[in-house]
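Student: Sequence and predicted structure are below.
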Amino acid sequence: MVNVADVSDRHSSEAAEFAGEGPFGSRSGQVRTTQSSLDEHGCAYVPETNTFLIREFRMPHVAVEAARFLHHACRGMSQTRCSLTFAIEAAVAHFGGRLLCPGWSQEDCFTNECGERLYTAYLEGRLTKAAARRILLAHIDSVKESEVVLAQLRAI
């Protein structure tokens, strides 16, 4: 197994081998995304392998990745994804990260408008714990299911 945190230009052959065909087609895009997250944020959660990669422990970023893991676990560790899954995951990860690390500033971590609206609604009492739980547990395996959840998130 190649540790993505150690992949560099001089390890391109190992990276190419790691980025072979998998259940989601070529993994090279996943490797680039994971490497980018490690470079920019110091950590990444890889749901396909249920792995946390932490190079540098920066609390706001680790909180976001922990929320991403929790959302993945609430979905039953489902590997099924559609084109809208990533938008929902990003919003839920941002929301959960803000709950776990409420003191972060916008400069500390990436921002997600939908996730920030969820967090604000939760603080203002417009989003209940039960509604937040339903969002975490929502099935988003198909485009139709994801469209419904995304519409609900945007309506908040």
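Tutor: Happy to help now that I have it.
Student: how near is residue 131 to residue 55?
Tutor: 35 Å (CB to CB, to the nearest Å). C-beta coordinates here come from the backbone N, C-alpha and C atoms, glycine included.
Student: Name the nearest residue to the residue nearest the centre of the chain, ignoring sequence neighbours.
Tutor: Nearest to the geometric centre of the chain sits residue 68, at 4.2 Å (CA atoms, centre = their mean). Leaving aside its chain neighbours, residue 68 sits nearest to residue 93 (4.1 Å; criterion: CB to CB, 6 or more residues apart in numbering).
Student: May I ask you to confirm that that neighbour is in contact with residue 63?
Tutor: No - if you go by CB atoms under 8 Å, residue 93 and residue 63 don't touch, sitting 9.0 Å apart.
Student: got the domain boundaries for the protein?
Tutor: For the chain, the structural domains run 1-56, 58-156, going by automatic domain parsing.
Student: can you give me the helices in the protein?
Tutor: For the chain, applying DSSP state H gives helices covering 12-18, 28-41, 59-74, 85-100, 113-124, 129-137, 143-155.
Student: ok, back up a step: can you count the residues close to the residue nearest to residue 68?
Tutor: 24 (other CB atoms under 10 Å).
Student: what's the answer for residue 113, then?
Tutor: Neighbours around residue 113, by other CB under 10 Å: 11.
Student: ok, now residue 87?
Tutor: What residue 87 shows, counting by other CB under 10 Å, is a neighbour count of 17.
Student: Tell me if I'm right that it and residue 150 touch.
Tutor: Yes - the criterion here is CB under 8 Å, and residue 87 meets it with residue 150 at 6.2 Å.
Student: Quick check: which ranges of this protein have low pLDDT?
Tutor: 1-30, 105-109 (pLDDT under 70).
Student: Repeat the analysis, applying 90 as the threshold.
Tutor: 1-44, 46-61, 68, 70-87, 102-112, 135-143, 145-146, 153-156 (pLDDT under 90).
Student: Residue 135 and residue 41, how far apart?
Tutor: Taking CB to CB, one finds residue 135 at 23 Å from residue 41.
Student: Perfect, I'm done here.
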